[in-house]
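[1] Return a 3D structure for these sequence lines:
(chains A and B)
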Amino acid sequence: DTAVSQTPKYLVTQMGNDKSIKCEQNLGHDTMYWYKQDSKKFLKIMFSYNNKELIINETVPNRFSPKSPDKAHLNLHINSLELGDSAVYFCASSQTGQGDEQYFGPGTRLTVT
Amino acid sequence: AQSVSQHNHHVILSEAASLELGCNYSYGGTVNLFWYVQYPGQHLQLLLKYFSGDPLVKGIKGFEAEFIKSKFSFNLRKPSVQWSDTAEYFCAVNPTSGTYKYIFGTGTRLKVLA
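    From the prediction side, this is the model:
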């Protein structure tokens, strides 16, 4: 069974469109995260939710809106996509969010043309 | 601001060579430390972690890392690399002061030549 899954794996879209990426974890973890990995492989945290509550919101444009309908899901919606949004987006989860190992999803490669 | 530095961006080694990847962080308080590996086309997975106790920690696949508090460092080592160790390696820091944040370094791309 996949611990942390993301859909879709690849997403190609045009500038100005709105798109969503879904993430689900079946590990029973309390905390989930979204990371952006740019072309230089730099991994930067975007958001973190603990028990459906937003606890980390880095300096991310408000075109990005995370939603956590329940503890096992954390979705990422992006409005008005821009070229600079092209990256690989990783979802992750951890038991408590404080010092635990993070389990990463396979990533979603977003290409904005 | 908290940050993690990995000074070696690209490393190329021959099989059986020894490996040491540097990781330094800037944070004055207590931290939890991690090394993750990302094999080509795969997601990140944990190699090893340090929370407390013995500063020399052993991980999977023969990797180990040493926490030197005075140097704010957590370098990753392996005595003899294999071709299958070709991957991207990330150091990460999690301050223990109640934050849920994990700060990642910029990664080191290791290529092992057969």
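[2] pretty sure residue B:25 contacts residue B:71?
    No: applying CB atoms under 8 Å, one finds residue B:25 not in contact with residue B:71, separated by 10.1 Å. Yep, even glycine has a C-beta here, placed from its N, CA and C like the rest.
[3] Between those two, tell me which one has more neighbours.
    The residue with more neighbours, out of residue B:25 and residue B:71, is residue B:25; 19 against 10, by other CB atoms under 10 Å in any protein chain shown.
[4] mind checking how far that one is from residue A:9?
    Applying CB to CB, to the nearest Å, the value for residue B:25 to residue A:9 is 32 Å.
[5] State the three-state secondary structure for the residue nearest to the spatial centre of chain A.
    Centroid check for chain A by CA atoms, centre = their mean gives residue A:34 as the closest residue, at 3.1 Å. Following DSSP: H, G, I helix; E, B strand; the rest coil, residue A:34 is assigned to strand.
[6] Check the spacing between it and residue B:44 real quick.
    Distance, residue A:34 to residue B:44, using CB to CB: 14 Å.
[7] which neighbours do the two share?
    Counting by CB atoms under 8 Å, 6 or more residues apart in numbering or on different chains, the shared contacts of residue A:34 and residue B:44 are residue A:90.
[8] And the least confident helix or strand in chain A by mean pLDDT, what does it pack against?
    Every helix and strand in chain A was compared by mean pLDDT, DSSP states H and E; the lowest is strand A:53-57, with a mean of 86. Packed against strand A:53-57 by the contact rule (3 or more CB pairs under 8 Å, 6 or more residues apart in numbering or on different chains; DSSP states H and E) you find strand A:43-50.
[9] what comes up buried for the strand it packs on?
    A:43, A:44, A:45, A:46, A:47, A:48, A:49, A:50 (16 or more other CB atoms under 10 Å in any protein chain shown).
[10] and the fourth one, what does it touch?
    With contacts taken as CB under 8 Å, 6+ apart, residue A:46 has the following neighbours: A:33, A:34, A:35, A:36, A:58, A:60, A:64, A:66, A:76.
[11] that older thread, tell me which of the buried residues of strand A:43-50 is nearest to chain B?
    Nearest to chain B out of the buried residues of strand A:43-50 is residue A:43 (CB to the nearest CB; 4.2 Å).
[12] which non-adjacent residue is nearest that closest one?
    Excluding the flanking residues, the one nearest residue A:43 by CB to CB, 6 or more residues apart in numbering or on different chains is residue B:104, at 4.2 Å.
[13] Tell me how many other residues crowd residue A:106.
    Residues near residue A:106, counting by other CB under 10 Å, number 18.
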